[in-house]
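Visitor: for reference, the sequence and a predicted model appear below.
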Amino acid sequence: MLDIIPALLLVTGVIFLVLIVILNKTLYKPLLGFMENREKSIKRDLDNAGKNDDEVATFKKDAESIVLKAKTEANELKESALMIVKDEALKQLEDKKNELESKYSQFLRELDMQKIELKKALQEQMPEFRATVKAKLEQI
């Protein structure tokens, strides 16, 4: 039947143990070392990514605050420029109003003078009108 040869069993056992030692040194330890290094690298990259996210969030907040500050300054500049333009427009409007009022008052004075001259001219021609009217009435 089955014969067990102790020398062959011993040689097979020794070969098995030698094979385990060789595989352990050449395959398993380098493979486990590589896997540990890879895990460390992945963990380090994740930590760096987390730090980068924090930095990006900080930069984003800084950028938003700068944009908000710029908008505020732009609005202030716009308001001040608008006030300056309004003041200049009101000044020009007031100057034009004063100029028109002075021209209007001068026009009224000239009109009064013309009215007086017209009255004088009519009064000077009044005897002639009376004579003409009297002559017309006599013809009727």
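Guide: Looks like it arrived, so ask away.
Visitor: low-confidence stretches in the chain?
Guide: Residues of the chain meeting the criterion pLDDT under 70: 1.
Visitor: if we use 80, what do you get?
Guide: Residues of the chain meeting the criterion pLDDT under 80: 1-2, 140.
Visitor: centroid residue for it?
Guide: The residue lying closest to the centre of the chain (CA atoms, centre = their mean) is residue 71, at 5.4 Å.
Visitor: what segments of the protein are helices?
Guide: 6-23, 29-139 (DSSP state H).
Visitor: tell me how far the shortest one lies from the chain's centre.
Guide: Yep, that's helix 6-23 we're talking about. Taking CA atoms, centre = their mean, to the nearest Å, one finds the center of helix 6-23 at 80 Å from the center of the full chain.
Visitor: by contact count, what packs against that helix?
Guide: Packing contacts for helix 6-23, counted by 3 or more CB pairs under 8 Å, 6 or more residues apart in numbering; DSSP states H and E, involve no helix or strand. (Each C-beta comes from the backbone N, C-alpha and C, glycine too.)
Visitor: pull that helix out as CSV, backbone CA atoms only.
Guide: Backbone C-alpha positions of helix 6-23 (Å, rounded to 0.1, in the frame of the first residue of the first chain) are rendered in CSV as follows:
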residue,chain,number,x,y,z
PRO,A,6,11.1,8.9,6.4
ALA,A,7,14.1,10.2,4.5
LEU,A,8,11.9,11.4,1.7
LEU,A,9,9.4,12.9,4.2
LEU,A,10,12.3,14.7,5.9
VAL,A,11,13.7,16.0,2.6
THR,A,12,10.3,17.2,1.5
GLY,A,13,9.8,19.0,4.8
VAL,A,14,13.2,20.7,4.5
ILE,A,15,12.5,21.8,0.9
PHE,A,16,9.1,23.2,2.1
LEU,A,17,10.7,25.2,4.9
VAL,A,18,13.5,26.5,2.6
LEU,A,19,10.9,27.5,0.0
ILE,A,20,8.9,29.4,2.7
VAL,A,21,12.1,31.2,3.8
ILE,A,22,13.0,32.1,0.2
LEU,A,23,9.5,33.3,-0.6
